[in-house]
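> kindly return the folded structure for what I paste below:
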Amino acid sequence: MSCIIHFLPAKSGDCFVIEFDNKDCILIDCGYVSTYTDELKPLLLKLRAKGCRLVLLLVTHIDQDHISGAIRLLEENGKQDTPQIIKIENIWFNGFFNTVFPRSEFEKRKVACLSPQMTYQQKCALSDLLMQTLGEDGPISVDQCKCFETLCAKDGYVLNRQFSKLAVQQTCKNREEMLENGIQLGDICIYVLSPGKEQLDQLAHILNRRLIQQFGRDYQLTTDANFGTFFELLMGLHASSTASISIEPISATKSGIKDWLNTSSCAKMSPENQSSIAIEIEYKGLRMLFLGDAESENFKNFLAEHYHLIKLSHHGSLQPNLALLEKSKGDILLISTDGKKRHPEDELLARAILSGNQALYFNYDIARKDDLLAQQKEFGFSAHFLEREIVL
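This is a model prediction of the structure:
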């Protein structure tokens, strides 16, 4: 055994803990607050009791089903040097202050103090966003609303310390160059596949356009934590709403796997999802791929032909995984979804199976469970449901 993948139930979100046999762990996304409270926190306390530490907490992008639990974890964990839950060595996260704020196109917007008018507009906009942003129990309240970057700074965590511009970004030209520039965390080597410059440029462009729509062409920016909160709510809201609209099957009523082909709308992911951090992890000959909600078309030239484990993008939507399925195969595919919001797409399942991937793992029962189980022998794959620990 080299590692255990803890595949946690995160409702419509993501939450994975990779426990390596040297007691180092990587946590990728934290789902909702309930994911953290009910599943992740008890696991982290058990890992700490075994002498484990988190060499990396990765929040792939700003969306409630990925980041809400991470905010609660930081709140409860406290100071970086005196952790209450578990030791966290590094955090990777592309937020407002480390990714967007330093960009040259926003330089003319920066002021030491907001004007009274801008202060009032910001307060109103934040209130409106809070009413639109749904948590598990309805709109997010002011008390629940925390800026992840601000929490990191308050408790002594330096974000993205391994990256020269403090933003997680793919800067290589091809896979060969990427493999020469992996980031070593002890015995674990991590390669960043996404986002690239194009995705971060697009994210900044979208944000600038939305800020103009919200505040007018002369809007101002400050290092006020409220702007970080506004950014996280704004981008998370758009990522969620776009995703729920885009996953709309055309027709998929038959139970045969081949009948599921050509049933997807193949709608592209939002810029927020496309800016997800996607990584490849290498450890003792194992190669694993974790894609967040990223669009594999953007980094298909960086992909290997074979992985021991692949966490598919965006809860089993077809479009962001198309290029991956054409280029790579996995011994194990992970699909993280509770089966709602029309996830996973039937065509994604069909293509994953017909392209020769060996085993599909789901952290919930899904609508196609019986159909998948009934056709395992015919199509030469295995389907697994509710298995919380996957041993590699």
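
> skip the chain neighbours and tell me the closest residue to His306.
Counting by CB to CB, 6 or more residues apart in numbering, His306 lies nearest to Lys329, which is 5.7 Å off, once chain neighbours are set aside. For the C-beta atoms, the positions are set from N, CA and C on the backbone; glycine is no exception.

> against Phe381, how distant is that neighbour?
11 Å (CB to CB, to the nearest Å).

> looking at the two, which one has more neighbours?
Phe381 (20 against 17; other CB atoms under 10 Å).

> any weak-confidence spans in the stretch 1-150 of the chain?
Along the stretch 1-150 of the chain, the parts satisfying pLDDT under 70 run over 131-145.

> quick one, helices of it?
Along the stretch 1-150 of the chain, counting by DSSP state H, counting those that start in this stretch, helices occupy 33-35, 41-49, 64-77, 116-132, 148-154.

> what about Gly216, how many residues nearby?
11.

> contact partners for it?
With contact set as CB atoms under 8 Å, 6 or more residues apart in numbering, Gly216 has no partners.

> tell me the pLDDT at it?
You'll see Gly216 listed with a pLDDT of 92.

> how much space between it and Gln117?
Gly216 is 9 Å from Gln117, by CB to CB.

> cool, His6 as well?
49 Å.

> which of those two has more neighbours?
The residue with more neighbours, out of His6 and Gln117, is His6; 21 against 12, by other CB under 10 Å.

> that one and Phe227, how far apart?
Taking CB to CB, one finds His6 at 35 Å from Phe227.

> got phi/psi on the residue nearest to His306?
phi -130, psi 150 (degrees, to the nearest 10).

> run through the residues that contact it.
Contacts of Lys329 by CB under 8 Å, 6+ apart are 305-307, 355-358.

> so what does the helix or strand harbouring Leu349 touch, helix or strand wise?
In this assignment (DSSP states H and E), Leu349 forms part of helix 346-354. Applying 3 or more CB pairs under 8 Å, 6 or more residues apart in numbering; DSSP states H and E, one finds that helix 346-354 makes contact with helix 322-327, strand 359-362.

> ok, and which of the ones you listed has the densest surroundings?
strand 359-362 (a mean of 21; mean count of other CB atoms under 10 Å).

> got a list of contacts for it?
So strand 359-362 is contacted by 7, 331-335, 337, 344, 349, 352-353, 369, 372, 381-387, 390 (CB under 8 Å, 6+ apart).

> isn't Arg175 right up against Phe299?
No - the criterion here is CB atoms under 8 Å, and Arg175 misses it with Phe299 at 9.4 Å.

> of those two, who's got more company?
Taking neighbours as other CB under 10 Å, Arg175 and Phe299 compare with Phe299 leading, 23 against 16.

> name the helix or strand for the nearest residue to that one once chain neighbours are set aside, please.
Leaving aside its sequence neighbours, Phe299 sits nearest to Leu193 (CB to CB, 6+ apart; 4.3 Å). Using DSSP H and E, Leu193 maps to strand 188-194.

> now do that strand: which elements does it pack against?
Using 3+ CB pairs under 8 Å, 6+ apart: strand 188-194 touches helix 175-179, strand 183-185, strand 278-283.

> where do the helices sit along the stretch 251-392 of the chain?
271-274, 322-327, 346-354, 369-374, 376-379.

> dump those to CSV, plus mean pLDDT and distance to Leu44.
Output for those, formatted as CSV (pLDDT from 0 to 100; distance: least, CB to CB, whole Å):
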stretch, mean pLDDT, distance to Leu44
helix 271-274, 87, 27
helix 322-327, 97, 30
helix 346-354, 97, 31
helix 369-374, 97, 30
helix 376-379, 97, 34
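
> who wins for proximity to Tyr36 among those?
Comparing those against Tyr36 with CB to CB, the closest turns out to be helix 271-274 (21.6 Å).

> quick one on the thing from earlier: relative to strand 278-283, how tilted is the strand holding Leu193?
Relative orientation of strand 188-194 versus strand 278-283 (axes from the mean of the first three to the mean of the last three CA atoms, to 10 degrees): 160 degrees.

> mind listing what's buried in the helix or strand just after strand 188-194?
As assigned by DSSP H and E, the chain's next helix or strand after strand 188-194 is helix 197-215. Neighbour counts using 16 or more other CB atoms under 10 Å place 199-200, 202-204, 206-208, 211, 214-215 of helix 197-215 among the buried residues.
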